[in-house]
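Peer 1: Sharing a model prediction with you, sequence too.
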Amino acid sequence: MAGSGVAHLRGDEALLRVEDLVVEYRTSAGVVQAVSKVSFDVLPGETLGIVGESGCGKSTTGRAVLRLDTVTSGRIRFRERAIEDLDEREMRALRREMQMIFQDPVGSLNPRRPVRELVVEGLDIAGASRKEQEAAAGRVLAAVGLSDERFRDLLPRRLSGGQAQRVAIARALAVEPQLLICDEPVSALDVSVQAQILNLVEDLKRDLGLTVVFIAHDLNVVRTVSDRVLVMYLGKLCEFGTPEAVYAYPAHPYTRALLDSVPQPDAVDGFSGPALEGDLPSPLSPPTGCRFRTRCPRADELCASEEPQVAEVRPGQFAACHHPLPVPEVPTGSGDAALPIPVPVPVPARSTA
């Protein structure tokens, strides 16, 4: 079910550490509880995938890390620096080390500026010389598979969705960040182009030593790119672990329901299990206790009265649930070796679409 806690955090070696993050918005209808005491960390060189239904708070979580959305409370540490304590000047400087790629590739680009100016916006703000900007533009466009000569003078309206997303990625890379937050970077793209952008992000992560937070609602995409997976529901953490563990043996009823809702080609009705029933409750007045209890087949009185805490259900796999689903015991030291490895999503050949 959905709760709080820090049992799954892995120590001081994390590049990014978030504890008890709360983000709330005041509206005319009341206070929207977008993110409620969510904790996670990301180790250097790791990709953390954050997945959940629309409205679960995953994008708000990513934006809060960069303080693009106001943090109500909680602690955010990047390389042991307390982000919530920085003033605006210090935060602008730190954003050179933390960049974000947004869902709408065309909408995230200034329509009046050519590609060569768009990709060096961060360097221009930082006061880099014209020579430095020109060199960086050629370098990052080449890194994302775009010809400097062909694309540098084009305006965003002349780009396809995939090309626009490559430009957005190049813009993020120009300032040489350590952390890249990808907020639904492929959801607006055709399926074939999605795979090309996923390949690109993986290649850049490997070649540049990036640490990545990858936010998406597509379970297959998250499984393909992630080293660890965090499942969210209505502003709360539900489950955390490796994709091998979470996808093969989900401990949380919500994770199980999400996986069962994914279309399966060999299933009679196209799905492997019952659909998730009911609508997502309003974040203006979330359920008491466990926020998933109104849609959970295992819910009881305890779920209504007491919020579950994050607890380890097997080595390296955590769930916030009073009644977690059974998962197999794995011998000490074997990690996920005894679990079946998920089949990756087929990836077509690369292109600059």
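Peer 2: Sure, I can see it. Numbering: from 1, shown residues only.
Peer 1: Tell me where the stretch 151-300 of the chain is predicted with low confidence.
Peer 2: 264-275 (pLDDT under 70).
Peer 1: Look up phi and psi at Phe78.
Peer 2: phi -120, psi 120 (degrees, to the nearest 10).
Peer 1: And for Ala126?
Peer 2: Backbone geometry at Ala126, expressed as degrees, to the nearest 10, gives phi -80, psi 0.
Peer 1: my guess is it meets Ala174, correct?
Peer 2: No - counting by Cβ atoms under 8 Å, Ala174 is not a contact partner of Ala126; they are 9.8 Å apart. Bear in mind the C-beta positions are built from the backbone N, C-alpha and C, glycine included.
Peer 1: between the two, who's got more neighbours?
Peer 2: Shown here are Ala126 and Ala174; by other Cβ atoms under 10 Å, Ala174 has more neighbours (27 against 16).
Peer 1: ok, now which ones touch that one?
Peer 2: By Cβ atoms under 8 Å, 6 or more residues apart in numbering, the contact list for Ala174 reads 119-123, 136-137, 140.
Peer 1: when you check those residues against the helices, which ones overlap?
Peer 2: The helices in this structure, assigned by DSSP state H, contain 121-123, 136-137, 140 from the contacts of Ala174.
Peer 1: of all these, which comes closest to Cys238?
Peer 2: Gly122 (34.7 Å; Cβ to Cβ).
Peer 1: I'd say the closest one and Arg171 touch.
Peer 2: Yes - using Cβ under 8 Å, Gly122 is in contact with Arg171, at 6.8 Å.
Peer 1: In terms of neighbours, single out the busier of these two.
Peer 2: Arg171 (24 against 21).
Peer 1: can you tell me which residues contact that one?
Peer 2: 118-122, 140.
Peer 1: 10 Å instead, please
Peer 2: 99, 101, 108-109, 115, 117-123, 137, 140, 144 (Cβ atoms under 10 Å, 6 or more residues apart in numbering).
Peer 1: How about Tyr25?
Peer 2: 31-34, 60, 69-70, 72, 283-284 are the contacts of Tyr25 under Cβ under 10 Å, 6+ apart.
Peer 1: Using the three-state scheme, assign it.
Peer 2: strand (DSSP: H, G, I helix; E, B strand; the rest coil).
Peer 1: Would you state the helices of this structure in chain order?
Peer 2: Secondary structure of the chain, counting by DSSP H: helices at 58-65, 88-94, 115-118, 121-125, 130-143, 148-151, 161-173, 191-208, 219-225, 243-248, 253-260, 301-305.
Peer 1: Looks like Pro283 contacts Tyr233 (just checking).
Peer 2: No - Pro283 is beyond contact range of Tyr233, at 11.0 Å (criterion: Cβ atoms under 10 Å).
Peer 1: Need the residues touching each of these two.
Peer 2: Taking Cβ under 10 Å, 6+ apart as the criterion, Pro283 and Tyr233 both touch 55-57, 291.
Peer 1: between the contacts of Arg171, which has the most around it?
Peer 2: Most neighbours among the contacts of Arg171, by other Cβ under 10 Å: Val119, with 32 neighbours.
Peer 1: Might one say that it is in contact with Leu141?
Peer 2: Yes - counting by Cβ under 10 Å, Val119 does reach Leu141; the two are 6.4 Å apart.
Peer 1: ok so, going back, Pro283 and Tyr233 - which one has more neighbours?
Peer 2: Neighbours of Pro283 and Tyr233, each counted by other Cβ under 10 Å, are more numerous for Tyr233; the result is 30 against 21.
Peer 1: Next, count neighbours for Ala188.
Peer 2: Ala188 has 18 nearby residues by other Cβ under 10 Å.
Peer 1: so how many other residues sit close to Leu208?
Peer 2: Counted with other Cβ under 10 Å, residues neighbouring Leu208 total 13.
Peer 1: what's the spacing between it and Thr47?
Peer 2: For Leu208, the distance to Thr47 (Cβ to Cβ, to the nearest Å) stands at 13 Å.
Peer 1: Overlap of the contact sets of those two?
Peer 2: Contact criterion Cβ under 10 Å, 6+ apart; residues shared by Leu208 and Thr47: Leu180.
Peer 1: Buried ones in stretch 310-325, by neighbour count?
Peer 2: Neighbour counts over stretch 310-325 (16 or more other Cβ atoms under 10 Å) mark 310-311, 313-314, 316-324 as buried.
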